[in-house]
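Enquirer: Need coordinates for the following:
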Amino acid sequence: METLDSDKPKPIRVLLVDDDVTFAKLVQVILKRFQQRTFVTIWKDSVEGALAEIARNQEIDVILIDYYFPTSNGLEFCLQLDQMGRFIPIIFLTGYRDFKLAVEAMKLGVEDFLLKDDLKEVYLPRTILSILDRVDLRKHKQAIEKRLALAENRAQAIRELVVTVCHEFNNPLAAVKISFDLLQRQNLETVKPEVMKSFENRFNTIDSEIKRLRDLNFEKIDFHGDHSNNV
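Expert: I've put the predicted structure just below:
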């Protein structure tokens, strides 16, 4: 059975930023040979060129960037990217181990820190896929947390509205109850007993509903669920 083109994963667009032509070609070859996913590599040899590409290209999925450049470095690139309001996963590439640099990079949100000498044909693309999966999972978690926060704010607003409504009803109801009690004590012959009884029943119903609303247990109400399937 043939697989529809629409079912195929879309190509992963990689922005490669490195002024070493030989290494840049090596990375492109490694990603091109990977059989499980398709990578489209855009190569820039400077931070300035990379930032210009990011400004006009909204489809970049991940950035591979060398740390050292003649006029800039990877940390400055991260800061400039943040100022642009673009949140793209970044992987630092470097020629030697520097744990202090790795820590500083992670503080700026860099997803990983790879040694150029450790890059192998399978290792690099799988690292990219793993990072993209991790980023997607984090975005999904953040979206859920945002929905939960919105739902909690909505629940709190409803609680406050219920308290306000109950308060607004209580004062006039108390006045009506006092007036009704006074009327009962008068024992007026012109007021039929069934009228008084009907009034009392309706008053008690309203009073009971207000108390039920006031004592509503909001913990049992689902403010987070999807009710789209409800009939």
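
Enquirer: Mind checking what helix or strand follows the lengthiest helix in the chain in sequence?
Expert: What stands out as the longest helix in the chain, according to DSSP state H, is helix 123-186. Per DSSP states H and E, the first helix or strand lying C-terminal to helix 123-186 is helix 193-214.

Enquirer: That following helix - contacts with which helices or strands?
Expert: Judged by 3 or more C-beta pairs under 8 Å, 6 or more residues apart in numbering; DSSP states H and E, helix 193-214 is in contact with helix 123-186. C-betas here are computed from N, CA, C, even on glycine.

Enquirer: so the longest helix of the chain versus helix 193-214, what angle?
Expert: Here helix 123-186 runs at an angle of 160 degrees relative to helix 193-214 (axes from the mean of the first three to the mean of the last three C-alpha atoms, to 10 degrees).

Enquirer: where's helix 123-186 relative to the chain centroid, distance-wise?
Expert: Centre-to-centre, helix 123-186 and its host chain are 18 Å apart (C-alpha atoms, centre = their mean, to the nearest Å).

Enquirer: same for that helix, what does it pack against?
Expert: strand 12-17, helix 21-33, strand 62-66, strand 90-94, strand 112-115, helix 193-214.

Enquirer: can you redo those as a markdown table with distance to I158, mean neighbour count and mean pLDDT?
Expert: Putting the helices and strands packed on helix 123-186 into a markdown table (distance: least, C-beta to C-beta, whole Å; neighbours: other C-beta atoms under 10 Å; pLDDT from 0 to 100) gives the following:
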| stretch | distance to I158 | mean neighbour count | mean pLDDT |
| --- | --- | --- | --- |
| strand 12-17 | 44 | 21 | 95 |
| helix 21-33 | 52 | 15 | 92 |
| strand 62-66 | 42 | 24 | 93 |
| strand 90-94 | 42 | 22 | 88 |
| strand 112-115 | 44 | 17 | 84 |
| helix 193-214 | 11 | 12 | 76 |
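
Enquirer: For M106, find the nearest of these.
Expert: Within these, the stretch nearest M106 is strand 112-115; the backing value is 7.6 Å (C-beta to C-beta).

Enquirer: contacting residues around the closest one?
Expert: Strand 112-115 is contacted from outside by 91-97, 101-102, 105-106, 124, 127, 131, using C-beta atoms under 8 Å, 6 or more residues apart in numbering.

Enquirer: switch to 6 Å and redo it
Expert: 91-93, 102, 105, 131 (C-beta atoms under 6 Å, 6 or more residues apart in numbering).

Enquirer: So of those, which two are at opposite extremes in space?
Expert: Counting by C-beta to C-beta, the most remote pair of the contacts of strand 112-115 is A102 and I131, 15.0 Å apart.

Enquirer: Any figure for the gap between the residue positioned nearest the centre of the chain and A24?
Expert: When C-alpha atoms, centre = their mean is applied to the chain, the residue found nearest the centroid is A143 (2.4 Å). Note on A143: its distance to A24, by C-beta to C-beta, to the nearest Å, is 35 Å.

Enquirer: How about V176?
Expert: 83 Å.

Enquirer: Helix, strand, or coil at K100?
Expert: Here K100 is recorded as helix under DSSP: H, G, I helix; E, B strand; the rest coil.

Enquirer: relative orientation of the longest helix of the chain and strand 12-17 in degrees?
Expert: Helix 123-186 and strand 12-17 are oriented at 120 degrees to each other (the same axes, to 10 degrees).

Enquirer: pLDDT on helix 123-186, on average?
Expert: Average pLDDT, helix 123-186: 77.
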